[in-house]
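1. Quick check, what structure comes out for this input:
(chains A and B)
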Amino acid sequence: GAGVSQSPRYKVAKRGQDVALRCDPISGHVSLFWYQQALGQGPEFLTYFQNEAQLDKSGLPSDRFFAERPEGSVSTLKIQRTQQEDSAVYLCASSPTGGGGRNSPLHFGNGTRLTVT
Amino acid sequence: GENVEQHPSTLSVQEGDSAVIKCTYSDSASNYFPWYKQELGKRPQLIIDIRSNVGEKKDQRIAVTLNKTAKHFSLHITETQPEDSAVYFCAASSTGAGSYQLTFGKGTKLSVIP
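-> Numbers count the residues shown, from 1 in each chain, chains lettered A, B, ... in the order given. Presented below is the predicted three-dimensional model:
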């Protein structure tokens, strides 16, 4: 596939459950981002990886949120003990170069829509 | 950190008219300003971007202008078509030490009326 792939496309979780969201970036892309998009809002930055290194996690809203990219390709965003306010679309994006979002365009996935009931 | 304000939040235009969306940013060191188009239920897609060493950039019916002194940039769409209907997001890069994020505006919902 040529694009960024995210799974699952939809996830319903009961409050208190743990969830794991997967992102397959474009092959060879160095940079990987996670964004949270609430309904009717713009994407809000969560975290950034350059290869396997997590260089910026300043946007993670609490210690319930954890992200990893152990081999520098696939990434997983994990949310522990989900709360209703975690309901949102979680977008993954990748770009071919390092240096974050200022050096090359971001290619987004279709996102995972998380609903916490 | 960077703060991006976007206006208007909604915009309706007649097919064939022009549409203008404006954004302001707070970090004078930001140097990269992309625009994304997001159709309902789909991924944001880059439509045009501009760097701070350029004042204007055009791509067919789309143009972006940048005023670094005033810290604002605008998206211009001419000869609008119904397929231009979508939510448009502006963004600005943060260039502070250890900062890698792209900061987005809240979006403008553009409706092109046939």
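2. contacting residues around stretch B:105-114?
-> Outside stretch B:105-114, the residues within contact range by C-beta atoms under 8 Å, 6 or more residues apart in numbering or on different chains are A:40-42, B:4-15, B:19, B:21, B:23, B:38, B:77, B:80-91. For every residue, glycine as well, the C-beta is placed using N, CA and C.
3. try stretch A:5-18
-> A:19, A:21-24, A:78-84, A:90-92, A:109-117.
4. Straight-line length of it, end to end?
-> 21 Å (C-alpha to C-alpha, to the nearest Å).
5. so who does the residue most central in space within chain B touch?
-> Taking C-alpha atoms, centre = their mean as the criterion, B:C90 is the residue nearest the geometric centre of chain B, at 3.3 Å. By C-beta under 8 Å, 6+ apart, the residues touching B:C90 are B:V4, B:Q6, B:I21, B:C23, B:F33, B:P34, B:W35, B:F73, B:L75, B:F104, B:G105.
6. what's the answer for B:E79, then?
-> B:G16, B:S18, B:R61 are the contacts of B:E79 under C-beta under 8 Å, 6+ apart.
7. so A:T76 makes contact with A:C23?
-> Yes: assessed by C-beta atoms under 8 Å, A:T76 is found in contact with A:C23 at 7.4 Å.
8. from chain B, which residue is nearest to chain A?
-> B:Y100 (2.6 Å; C-beta to the nearest C-beta).
9. And the strands in the chain, which stretches?
-> In the absence of a named chain, this looks at chain A. A:5-7, A:10-13, A:19-24, A:31-37, A:44-50, A:53-56, A:65-68, A:75-79, A:88-95, A:107-108, A:112-116 (DSSP state E).
10. right idea, wrong chain: chain B
-> Under DSSP E, chain B gives strands at B:4-7, B:10-14, B:19-25, B:32-38, B:45-51, B:56-59, B:62-67, B:72-77, B:86-93, B:102-104, B:108-113.
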